[in-house]
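S.K.: next input, structure requested:
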Amino acid sequence: MKSLFRFVSIFAFLALLLFSPGVSRTPAQSRLSDKDIEQRIKNVDEDTKKFHKSFDAALSKSTLRKTSQEKDAKNLGESLETQTKALYDHFKQTKKADPYLQNALDTATQIEKVFQATQLDPGTVALWSKIKSQLSDLAKAFNIPGY
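M.R.: Numbers count the residues shown, from 1 in each chain. Below is the predicted model:
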């Protein structure tokens, strides 16, 4: 009888706690740690280096070959590589991404336009998809809307 009373008391207490108005019933929002974010930024930085080389080679074989558009697109690839490196270095020191992440996102938007206008090889497209996904995850982690 004592154990039944104890069980009912504990159950009632937990029910009261769970259904009381001041208690949040949603699980705590999982925020990435600085270490996790730093690793993700490092990954995007490393992948951007690979992408830049692949992007340049793909552009040299594309319909943009030997045009000013090819040169502009290659400059975008180089800019993105420089920006992700700067983002990584800055985040390591300050644990902040402003304005470096926004710069990389802006350049990525311009590169996306090149992909929409020009057919490039599947390997370069796959690398780009990976980088876009990584940048999108970082934008969400820093509450940057629109990417």
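
S.K.: ranking helices and strands of this protein by mean pLDDT, which lands last?
M.R.: Scoring the helices and strands of the chain by mean pLDDT, DSSP states H and E places helix 2-19 at the bottom, with a mean of 46.

S.K.: next SSE downstream of that helix?
M.R.: helix 34-60 (DSSP states H and E).

S.K.: what packs against that following helix?
M.R.: helix 68-94, helix 122-141 (3 or more CB pairs under 8 Å, 6 or more residues apart in numbering; DSSP states H and E). For the C-beta atoms, the positions are set from N, CA and C on the backbone; glycine is no exception.

S.K.: ok, which of the ones you listed comes nearest Ser54?
M.R.: helix 122-141 (4.6 Å; CB to CB).

S.K.: other SSEs contacting that closest one?
M.R.: Helix 122-141 sits against helix 34-60, helix 100-117, with contacts defined as 3+ CB pairs under 8 Å, 6+ apart.

S.K.: ok, residues contacting stretch 93-111?
M.R.: 34, 41, 55, 73, 76-77, 79-80, 83-84, 86-87, 90-91, 128, 131-132, 135, 138-139, 142, 144, 147 (CB atoms under 8 Å, 6 or more residues apart in numbering).

S.K.: what's near enough to touch Phe51?
M.R.: 77, 80-81, 124, 127-128, 131.

S.K.: then Thr48?
M.R.: So Thr48 contacts 80-81, 84-85, 131 (CB under 8 Å, 6+ apart).

S.K.: Thr107 versus that one, what's the distance?
M.R.: Thr48 sits 10 Å away from Thr107, going by CB to CB, to the nearest Å.

S.K.: which intervals of this structure have sub-threshold pLDDT?
M.R.: Within the chain, the ranges that satisfy pLDDT under 70 run 1-30.

S.K.: recalculate using a threshold of 80.
M.R.: The chain contains residues with pLDDT under 80 at 1-31, 146-147.

S.K.: about what we covered before: quick check on the contacts of stretch 93-111: which are buried?
M.R.: 41, 55, 73, 76-77, 79-80, 83-84, 86-87, 90-91, 128, 131-132, 135, 138-139, 144, 147 (16 or more other CB atoms under 10 Å).
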